[in-house]
Structures are given as C-alpha cells and as structure tokens.
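# give the three-dimensional model of this entry:
(2 chains)
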Amino acid sequence: MPTKYDPKSVESKRYQFWLDNDLFKASEDQNSEPFCIVMPPPNVTGMLHMGHALDFTLQDILIRMKRMQGYDTLWLPGMDHAGIATQAKVEEKLRKEGINRHDLGREAFLEKTWAWKEHFASIIREQWSKMGFSIDYSRERFTMDEGLSRAVRKVFVDLYNKGLIYRGKYIINWDPVARTAISDIEVIYKEVKGALYHLRYPLSDGSGFIEVATTRPETMLGDTAVAVHPEDERYKDLIGKTITLPIAGREIPIIADDYVDPEFGSGAVKITPAHDPNDFEVGKRHNLPQILVMDESGKMNELASKYQGMDRFECRKQIIKDLEEAGYLIKIEEHVHSVGHSERSGAVVEPYLSTQWFVKMKPLAEKAIQLQKSEDKVRFVPERFEKLYVDWIENIRDWCISRQLWWGHRIPAWHCKNCGEITVSMEDPSSCSKCGSSNILQDEDVLDTWFSSALWPFSTMGWPEKTADLSRYYPNNVLVTGHDIIYPWVARMIFTALEFTGEKPFKDVIIHGLVRDAEGIKMSKSLGNGVDPLEVIDQYGADTMRFMISTGSTPGQDLRFRWERLESARNFINKIWNASRFVLMNLDDFGVNDIDLSGSLNTADQWILTRLQETINYVTHQLEEYHFNEAGKALYEFIWDEFCDWYIEFAKLSLYGDDSNAKKTTRSVLCYVLDRILRLLHPFMPFVTEEIWQNLPHEGKSIMIAKWPEFVERFQFPEAVEQMNLYMEVIRSVRNIRAEVNVPLSKKVNIFIRPDNEKTLNYMRRGEMWIRQQCNPENLIIGSDISISEKAMTAVVTGAEILLPLAGLIDIDQEVERLKKELKTLNAEVERVQKKLSNQEFINKAPAHVVEEERKKEKDYLEKREKVKARLAQLQS
RNA sequence: GGGCAGUUAGCUCAGAGGGAGAGCGCUUCCUUGACACGGAAGAGGUCGUAGGUUCGAUUCCUAUACUGCCCA
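Numbers count the residues shown, from 1 in each chain, chains lettered A, B, ... in the order given. From the prediction side, this is the model:
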C-alpha cells in the first residue's frame, strides 16, 4: 500500500463492484422497514454542478446509513425534461447550424430534443457514478416517460373536470425572448434605474391638460383611460371628461378608481389594460377596451401605427422624442423601480394580455394549509423554512400552466372548430364532445415543467396505477433539496399529492443552502465562477469532495466552496488511509476469527472502546437529525485526535513487545475500532472505506451492507477514561517542558512525578508504561515523598506535580516569568470560581451537579496554585 | 415596506445557559519503524453595539447598526 491514498485507482473499480453485486437495488425485503428517497431530478439541459453534488451527497449519506441499519432502502433517480431551458438550448444549437425550429417543424424538432436529452442523460449517469451514488438504476425515471406522462394527463383531466383548471384571457408574464408565458415565480424582480415620464394629455374639450406619470410611455398607444383617485380634489371636476391621446388621437375617458395612489407622481395615471396587471383589473371594473400594442417578441404591432415593428425599448425612446417635440412631455425624473425579468432568458418580462391555462389554487392550497396545522404535518428541517412555505401557500395566486413551447407535455385539450367547445380527456378524442364534429384540433401549448415535477414523488412509483412500489415506498421518507425551490417545487408537490394520493408526499423535507464560490458569490454559468464536480473529483477524489461539501456548513446555511477545505478533507482521508496501513502492517496472519475482545483489555483499550461507543451514539444521533456537519466533525476528531494521535501510539507498546496475548488483544482492538470507524464513515466516503475494509479482516461481501455500529454496553470504562486523561495530561506537560527548554524527545531525562493523594499515586503507577513510552525518561520516579534540590522544571497536573531536573538547561529568569504567567491565569480562575461559590444564590439555585463541578474546580485550581507558588518561592529564594 | 439568516482568532466557519473551538495561515522544533496530505509545542478573540431576563448570558429576549437572501 502506498503512503498516499490514490482515489483514481480505487473509485471506478469499487463502483463497478457494487453494480456487479446489485447492491443499489431496493431489496424489497418484506421483513425490513422501507426507507425511500426520490431524487430531485436534475434538468437534462446539461451537466451536474456543485449544487447537485451537495444535494445528492446528502441523500446518499442518508440512504447508505439506512441501508446499513437494515432498512429496505430505495433511492430512486431520475431527470427532468426542463421545458423552456432545454428547448432554448436546443434552439441555440440549431441556430448555430443556421436552422430555425419552425423550419424543422414540431415533430423533427422534438426528435432533435430527444437526442439532446439522451446525450445529457448519459453524461449525468456517468456523473452519478463518479460521485459514488447508490441509486437504484432499475427504477430511473424521466418526467416525459410514458408512465409519467400518463400521470400528468390524469392530473390535468381530473383537475379540469373538477373545475380546478380553466382557460382564459388574462394578463400573464410574457417572456418575449423565449416567446412563452411564464408563471409568477419564474419572474425575478430587480431594482432598475429607470425614469418617471410626466406627460401632458390634452382634454378633448380644449379646456386644458391633465398630467400623467408613467414608467412605460411606449404603452401609451394602448391606453384606454386616465384614472384618478375619487377623493382627489385636484381632479374631481375632470372625472367623466375625456382626453385625446397624443399621437394616437383616440378619445379616452378620465375615470375614478381607488387603485390610484394620489401621492404617486401627479396623482393621475394612464390605464393600459392589455399591458399591466393592475390596469387590467381597473379596465375590467370600468369596462374599458383592451388594446394590445405589442407582438410576441416584444415589438410594437400594427396597432402602434408608425411604431410598428419597433422594439419596445427603442419605441420608448422614439415616443418620448416625438412627445417632446409635440410639447406633450413635461419632465423626466430619475426613478428606481423593480422590473421583472424572466428567470429563463433574462429578458424583461412583458405583462401581456393572453389566453392561457390556469390552475385554480385556493381549494388545493387549503388542504395543504390544513395539513400543516395538523399533527401529521410535513416536517421541515431546519424548522424556519416551514414558515416560508406556509406564508407562500396562504397567499397563493392562480398558476399559469400553459407554455408556448414544443418540448413538454402537450395539453390534452381539443378545440372544436365548429362549435368552439373544448374536449379534455384521457384518450385522444376523434370528435367534439359537444357537437360531434371531427373538425377538432389539439391545443398547441405544453404544460409548465413544474406541473409534471409536482407529481414526481408518486408518478415515479407508477401512479395512477396501484403499484407495489407505490404502496411500499410512498409516502417517501425524506426529500432533500435547496431552499431556492421551496415555492416552485416543494409546495406544489405537497398540494398535488394531497389532492391525488390523499397523503403528504414525504415525511421530512431537508433544506440545504446554495453552493457559493470562495468569495461568497453564487455560482453561475454566466459569471463563470462555477466549480465542476468532475474537476474536483479528478484532483481530489469523490470521497474528499463528498466529505467537504456534506460537512462544510450548518444545515440550511449556504456553503462557501474553498479549496483549502478540500485539502483538509483530503488530508483527513489520507490520515485514515495511513492509520489503516499501520493496522494492516501489524496484523501478520491475524484474521477475522482471531478478533477477540473477551480477554483482558488494558487501560488504553478500555479508553478507546469507551470513546468509540460515545462516538457511535453521537454520530448516529446527529445523522438521524440530519446534522451532517456535526456527525462529520465528531468522526474527524475521534479518528484524528484520539484513535490516531493516542491510541495507535499506545498500541505500539504491545505490538512491538513480547507478550503474545497482549499483542492479540491490541490487534483485536485495532481491527475492531477501525472496522467500526470505517462503517461510520462509509456514508460520507464510500470508496476509500470499501477499499480499506476489503483489505482488513472482515466478514461479508461489502461494507455497504455491513451492519451500522451500535452502542455496546460492556465497552464502557469510565475509570479508564479518567486514567487516560491523566496520563495524557502528564505526557503533554513533559512535552511542554521539553519544548520550553529545547530538549528533544531523543534526549533522555529524569522525570519525577509527585502525586499528592493515594488515588493519583495508584493511577500513576498503573500508567507508568504509557508515560515511559511517550516521555522517554532516563528514570521515571513516582513517589509522594520526592524532594529534589536541583534546579528543575515543573508542571502541575490534577493531583500531581511533574518535575524535570534539568540543571544547566534552565534559564531561571525565563522560568520565573513562565510560572508567574501561569500563576496569573490560575489566580484568575480561582477568583472566578470563588466568586461564584461565594454567591449564595448560585449555591441555592444552580443545579447540584454544576455546584459540585465548581467546587471540584476550586479545589484543583487551589492545589495547582499552591504548587506554582511554592515553586516560584523556591526559584526566587 | 415585510420576513429570514449572518455578525465569534489574520481568513473561512463550527458551537453551546455554567471553564472560548476547528480548518487554513502564523512562530519554534522534529524526516522517530502508519502518515511531511505528517508529528510535537505555541502565539492569536472584552463572541457587532446598547439594554433586559437569569444565581450566571458570547449563548435566551428587545432594540440598534452593518451584510446577504426571500417576498411585495
């Protein structure tokens, strides 16, 4: 075995080994409790990024632990067709080839898109395997699979029949670049420096003007009224009169509506019902015409007269110029306001009057709200995200689900060309359900991608069929996802599940943060600050990446990607690798049947076994609470600081000694503890743990299916822990003194230990071997009656004094300074403790064990202080 | 405007009602028979500010400042 762990030589081999042994597949063992996670499906738009790596790693950790705990685990993988995003990518690719999708036609375009999907699906599968994910490939799903499409259709048809899906002409968010409607949550509002244009609209009767303020002058061509507040004294007399719209020359009324804010601008606003959601509502209240002045690409249309064909922003400039020349422009003020941008294309969203399909949300949301008020609610981890979810669902608005795209689930609605009736059904109809005409055409639009994603937890299980998987693995146990998709996804899964399965889709929702770059900026393609998981794996190995990202932040908090942390994780793995090398190098022909812990365990054995039990309990508990960082930290500290730094060193004593029984026990403890460590680490770092485990004495085919460690009652030795703590304190003190006077370990010195009580004396005698081993003394003398006249360095530990006679090496002045400093800190401690203990309220009100601890501390500090004082006096005399 | 996070060692971050922690960096020493991706010993913080609750607050509460995110 090399001194440095080489992930490349291990990872692909081990993954193949797991696959060959079919270890990822759900066992379907009816005697085991099922545990299921359905993977949030990555988009087939491209490759996986660091956010996926984080999300999936957390899932794999849970799945691997549960599998080892004996659950029948199912981790179901899949991918999302990602309508707009994928179509945009394919169109972009075609554009580079000089092809327009309309030239190809719908069928041919979809064929190209399926090919794109296949291409990226295989890349994503490759990435899954590189990251070590234990997913059940036999159950992989895609949102546009036949079965899932059937589920989508079923949900659409049922909601339509229940009156919860409707079609209508409303203002929607229009993406003029992607040329499709998008939903409210796909709009990102950004503060933009714009302008407030004050315009002068002439009264038709020639009696003057009314001043209106607008941020969007180009829509004036679609104005159908000017509105003022009914109470606004300034304009009371004008209500009912008309103005003549500049440029357009149309005569439109001045109306009164509460919606107008008299404080804003001039207190009079232009009303453009076809281009603003508020104006749309005003228009409906006042029966105003709706004049759409733009086309689907954001260019002015034929109703914009001479501006026809001009881009909306270009038109804005031109109109202002024209208005100014005609004397209709009063002033332009700088104005910062928030402007909606498309999440997909980045284009400024155009509020646009259009006929679309909607889901009526209130009745669906109501069930979800009720659920959260019940005992059976979906548990969010961390808890604070529940409020976010509830607030959103309580204020939900209808969901625009139609998209003017080709890639996606086509809306199962047929329009009759004769009578106009819409036929919605599970099977493709051949005639109109009302007039029987066969002159029917399917709706051109497809559904919002999230419509199918919303069914993911059960559509992947075969719903609406009553499958065995559905009854066994649904509801899922856990959903792991980022806080950025609580609204578009988590919320929608919950209300759809409640409506269609009558159950919540999952029990727990674990929310993690985003992966940011080293400077804390969100990783994104456009900024080019993303880190490719495969590059990380190539440099450091998958285990390193997994450990770093899964333990790198507190639950729910964003994670800053730093290469130094990656190095530290890599070093940790290397440490485990080398500790294992040590164990393996000292086994000779020691086999799994030689492991025997029933014999006499020495103090170090007892100590490490006790600490192992505590670690097992702690790590298991933390993982079950989804505190990945805490579990990882506990393992790191136990392995590095206790197992490697101390136990392995102590073990050398018997391994290199002559006592064959002691040797056997030590080998047993080393094998046993390392084996348990590897099991606890396995969910975090599956590859290296499998590799080592296979080389260690072991039983079973793979560590993947080895039993998760459990607390063992008989391996609890509190006295051994107390003793080892004392020995470590002594050893550290001696090292400290040696460093202080520059006496390396290689140089033998006399060491005196003067315990001040019987118990400590006994402990010291029993621990002599460890102290000798670690301190390299010429002579080690332990006795209560030791007195030395030579110049010596001293240290105090609990219940004893350590003396190193180092005549000639000691700088007395320096030593006096050091002791004074120590005295000062001891004084401070004594003062603090005594202040506490002299407070009667503390004695009365603090818990007994706390008071007891403080008393112990006081005693310890006082004793130590006396020793330091005495020593100082001796040196200064 | 509303909500939520964060503010702790030079940097990045854990933590917990009762003696301030880690990683990286820094200083000194050590190539000792698992590991220099290592070992040993150190230096370094009035835990954003002001109040309050409590025997006790860096930890809980309130206010406030700054930073970030979400919603309108």
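# secondary structure class for the residue of the stretch 401-550 of chain A found nearest RNA strand B?
Of all residues in the stretch 401-550 of chain A, A:Gly520 sits closest to RNA strand B, at 5.3 Å by Cβ to the nearest atom of the strand. No exception for glycine: its C-beta is placed from N, CA and C like everyone else's. Assigned with DSSP: H, G, I helix; E, B strand; the rest coil, A:Gly520 falls in the coil class.
# so A:Asn779 is in which element?
In this structure, A:Asn779 sits in strand A:777-782 according to DSSP states H and E.
# and that strand, which residues are buried?
A:777, A:780, A:782 (16 or more other Cβ atoms under 10 Å).
# tell me which strands and helices that strand is in contact with?
strand A:749-755, helix A:758-766, helix A:768-775 (3 or more Cβ pairs under 8 Å, 6 or more residues apart in numbering; DSSP states H and E).
# out of those, nearest to RNA strand B?
Judging the helices and strands packed on strand A:777-782 by Cβ to the nearest atom of the strand, what sits closest to RNA strand B is helix A:768-775, at 9.0 Å.
# what about the closest one, near RNA strand B?
No. Judged by Cβ under 7 Å from any atom of the strand, helix A:768-775 and RNA strand B are separated, with a smallest distance of 9.0 Å.
# that helix - contacts with which helices or strands?
helix A:648-655, helix A:718-740, strand A:749-755, strand A:777-782.
# quickly list what the residue sitting nearest the centre point of chain A is bridged to.
Nearest residue to the geometric centre of chain A (Cα atoms, centre = their mean): A:His512, 2.4 Å. Following DSSP bridges, A:His512 is listed with bridge partners A:Gly482.
# next one: it from A:His52, what distance?
12 Å (Cβ to Cβ, to the nearest Å).
# what's the overlap in contacts for those two?
Common contact partners of A:His512 and A:His52 (Cβ atoms under 8 Å, 6 or more residues apart in numbering): none.
# can you give me the helices in the stretch 1-150 of chain A?
A:11-20, A:50-68, A:83-96, A:101-104, A:106-131, A:146-161 (DSSP state H, counting those that start in this stretch).
# most neighbours per residue, which of the helices and strands packed on strand A:777-782?
strand A:749-755 (a mean of 21; mean count of other Cβ atoms under 10 Å).
# hmm, that strand touching RNA strand B?
No. Residues of strand A:749-755 are not located near RNA strand B by Cβ under 7 Å from any atom of the strand, the shortest gap being 14.2 Å.
# stretch A:456-466: end-to-end distance?
End-to-end span of stretch A:456-466 (Cα to Cα, to the nearest Å): 15 Å.
# contacts made by it with the rest, please.
Contacts of stretch A:456-466 (Cβ under 8 Å, 6+ apart): A:38, A:40-41, A:76, A:78, A:139, A:141, A:143, A:147-148, A:150-152, A:154, A:452, A:455, A:467, A:469-470, A:473-476, A:479, A:493, A:497, A:500-501, A:505-506.
# mind listing what's buried in it?
Buried residues in stretch A:456-466 (16+ other Cβ under 10 Å): A:456-464.
# these in helices, which ones?
Under the assignment DSSP state H, the buried residues of stretch A:456-466 contribute A:456-459 to helices.
# nearest to A:Ala651 among those?
A:Pro457 (49.3 Å; Cβ to Cβ).
# within range of RNA strand B, give me the residues from the stretch 251-400 of chain A.
Residues of the stretch 251-400 of chain A lying close to RNA strand B by Cβ under 7 Å from any atom of the strand are A:338, A:384, A:387-388, A:392.
# could these be laid out in TSV, adding secondary structure, neighbour count and pLDDT?
As requested, those are exported to TSV (DSSP: H, G, I helix; E, B strand; the rest coil; neighbours: other Cβ atoms under 10 Å; pLDDT from 0 to 100):
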residue	secondary structure	neighbour count	pLDDT
A:Ser338	strand	11	81
A:Arg384	helix	11	90
A:Lys387	helix	11	89
A:Leu388	helix	16	89
A:Trp392	helix	15	90
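# quick check: the farthest pair among those residues?
A:Ser338 and A:Arg384 (25.2 Å).
# list the buried ones in the lengthiest strand in chain A?
Longest strand in chain A, counting residues (DSSP state E): strand A:187-202. Within strand A:187-202, the residues scored as buried using 16+ other Cβ under 10 Å are A:187, A:194-202.
# where is pLDDT lowest across the residues you listed?
Lowest in pLDDT among those is A:Gly194, which has 80.
# tell me the contacts of it?
A:215, A:335-337, A:339.
# same check, this time on A:Gly147
Here A:Gly147 is in contact with A:141, A:459, A:462, A:465 (criterion: Cβ under 8 Å, 6+ apart).
# what about it, distance to A:Gln773?
Taken as Cβ to Cβ, the span from A:Gly147 to A:Gln773 is 66 Å.
# about what we covered before: ok, of the contacts of A:Gly147, which one's closest to A:Asp589?
If you rank the contacts of A:Gly147 by distance to A:Asp589 using Cβ to Cβ, A:Arg141 comes first, at 49.5 Å.
# the closest one contacts A:Leu148, correct?
Yes. Contact criterion Cβ atoms under 8 Å: A:Arg141 and A:Leu148 qualify, at 6.2 Å.
# show me the contacts for A:Arg101.
A:90-91, A:94, A:109, A:406.
# so among those residues, where is pLDDT lowest?
In terms of pLDDT, A:Glu91 ranks lowest among the contacts of A:Arg101, with 86.
# got a pLDDT number for the residue found closest to that residue once you drop the neighbours it is linked to in the chain?
In space, and not counting its chain neighbours, A:Glu91 is closest to A:Arg101: 5.6 Å by Cβ to Cβ, 6 or more residues apart in numbering. Per-residue confidence at A:Arg101 stands at 85 (pLDDT).
# sec struct for A:Tyr352, please.
Here A:Tyr352 is strand, with the state taken from three-state DSSP.
# can you check A:Arg865 too?
helix.
# would you confirm that it contacts A:Thr825?
No. A:Arg865 is beyond contact range of A:Thr825, at 9.8 Å (criterion: Cβ under 8 Å).
# of these two, which one has the most company?
Neighbour tally, A:Arg865 and A:Thr825, criterion other Cβ atoms under 10 Å: the higher count belongs to A:Arg865, 18 against 12.
# let me see the contact set for the more buried one.
Counting by Cβ under 8 Å, 6+ apart, A:Arg865 has contacts A:823, A:826-827, A:830.
# in helices only, show me the residues you listed.
A:823, A:826-827, A:830.
# for the stretch 251-400 of chain A, what spans make up the helices?
Here the stretch 251-400 of chain A has its helices, by DSSP H, counting those that start in this stretch, at A:277-285, A:312-325, A:362-373, A:384-394.
# quick one: which of these is nearest A:Glu28?
Nearest to A:Glu28, of the helices of the stretch 251-400 of chain A and by Cβ to Cβ, is helix A:362-373 at 29.2 Å.
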